[in-house]
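Colleague: Fold the following for me, if possible:
(one chain, ligands or ions: 1)
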Amino acid sequence: MDLSGKTVCIIGATGGIGREVARVMAKRKANLIFVSRKMNSMDVLENELKEENIKIGKYTCDLTDPKSIEKLAKEISRDYKSVDVLFHLAGVGIYKKLSEISFEEWEMSMDINVASAFYSIQKLLPLLEKSEKVYVIASGSGMGKVALSGRLAYCASKFALRGLMLSLAKEYRKTHIHFVHLTLGSVLTSFGPLSLARKIRKHREGKGYLDPGWLANHIATRLENESLEEETPIYPRHYFSESKKDIR
Ligand SMILES: NC(=O)c1ccc[n+]([C@@H]2O[C@H](COP(=O)([O-])OP(=O)(O)OC[C@H]3O[C@@H](n4cnc5c(N)ncnc54)[C@H](OP(=O)(O)O)[C@@H]3O)[C@@H](O)[C@H]2O)c1
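Modeller: Next up, the predicted model:
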């Protein structure tokens, strides 16, 4: 897929991964749609990319609120004729045990990590149907394949996201809409309870993290080569042995 001139919507454009995806897509001259709760952060990103001479649209949305997603879809449908690539890169990482987690935290994990993916894809479907070839790409996790202690809400939501994306991949297999579940290992961003500074320290001590810039480039190259699979695992070195995960 030639990304130049394509319309690429990034839900979670202000995140550690989303920002890097925006940067590499801008370098490839795609027109961008940013979605997050924070207009200020989207303004900063837009300003950074102004020399790329691409069209950028910015939309605020609270992914915990179905009405906000409906409003988002209405606004994007008013402003755009079609969308060629839809990234769902928003998420929340609440790592708590059963005895510690509140119902609100459980609900927030399910709402942002999976329900918002379902509902935004469903509401944007008419725009996706209008493009000749479409990719819908969601940021899943290795924890959507292997359960870990102390992360029940994150694991449950990511297992569900993986089920959603793989089901959609089957449902749409014979069409022009391709669904991709990125099964990601740890990425060096401020996602989850550990600060970015702490992760950088751990990285220096030897823990494997994917660099978000590298990851975004990798995704863009695989989009261009059309080599993204329905389930595309991307893990840092030693991901399995470090966390005692057995994902393969
Ligand atoms: N980093 C990792 O190690 C890792 C590993 C595997 C998978 N992933 C997945 O990759 C995705 C992105 O991770 P990241 O590292 O980029 O995280 P991040 O830096 O924390 O970014 C999270 C993004 O989600 C958005 N978001 C959160 N709550 C929202 C809400 N209620 N409404 C709208 N947007 C909301 C944030 O936007 P605003 O705050 O601006 O609204 C931000 O753009 C997540 O789905 C995560 O599960 C990450």
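Colleague: Which residues of this protein lie near the ligand?
Modeller: Within the chain, the positions near the ligand by C-beta under 6 Å from any ligand atom are 12, 14-18, 36-38, 41, 61-64, 89-92, 112, 139, 141, 184, 186-187, 189-191. C-beta here means a position set from N, CA and C on the backbone, and glycine is covered the same way.
Colleague: Counting only strands, which of those residues make the cut?
Modeller: Taking DSSP state E, the ones among the residues of the chain next to the ligand that sit in strands are Ser36, Ser139, Ser141, Leu184.
Colleague: in the sheet, who's paired with the second one?
Modeller: When assigned by DSSP bridges, Ser139 has beta-bridge partners Leu182.
Colleague: Please apply the same query to the first one.
Modeller: Under the criterion DSSP bridges, Ser36 forms beta bridges with Thr60.
Colleague: what about it, how many neighbours?
Modeller: The burial metric for Ser36, expressed as a neighbour count using other C-beta atoms under 10 Å, is 25.
Colleague: all helices of the chain, in order?
Modeller: Listed from the start of the chain, the chain has helices (DSSP state H) covering 16-27, 39-48, 66-79, 103-110, 116-129, 152-171, 196-204, 212-225, 239-242.
Colleague: helices and strands around the fifth one, which ones?
Modeller: Read that as helix 116-129. On a contact count with 3 or more C-beta pairs under 8 Å, 6 or more residues apart in numbering; DSSP states H and E, helix 116-129 meets strand 7-11, helix 66-79, strand 85-88, strand 134-141, helix 152-171.
Colleague: Out of those, which one sits most buried?
Modeller: For the helices and strands packed on helix 116-129, the largest average neighbour count (mean count of other C-beta atoms under 10 Å) is found in strand 85-88, namely a mean of 28.
Colleague: any idea of the mean pLDDT for it?
Modeller: The average pLDDT within strand 85-88 is 98.
Colleague: Give me the pLDDT value at the closest residue in space to His181 that isn't next to it in sequence.
Modeller: Across the structure, with C-beta to C-beta, 6 or more residues apart in numbering as the measure, the residue nearest His181 apart from its sequence neighbours is Met165 (3.8 Å). On pLDDT, Met165 comes in at 98.
Colleague: and the gap between Met165 and Leu86?
Modeller: 12 Å (C-beta to C-beta, to the nearest Å).
Colleague: and if you look at Leu72?
Modeller: Leu72 sits 12 Å away from Leu86, taking C-beta to C-beta as the criterion.
Colleague: what touches both of these two?
Modeller: Between them, Leu72 and Leu86 have Ser120 as joint contacts when contacts are counted by C-beta atoms under 8 Å, 6 or more residues apart in numbering.
Colleague: Just give me the residue closest to the centre of this structure.
Modeller: Nearest to the centroid of the C-alpha atoms of the chain, with distances taken as C-alpha atoms, centre = their mean, sits Leu89, at 1.7 Å.
Colleague: list the contacts for it?
Modeller: Ile10, Ile11, Gly12, Ala13, Gly15, Ile17, Gly18, Val21, Ala138, Ser139.
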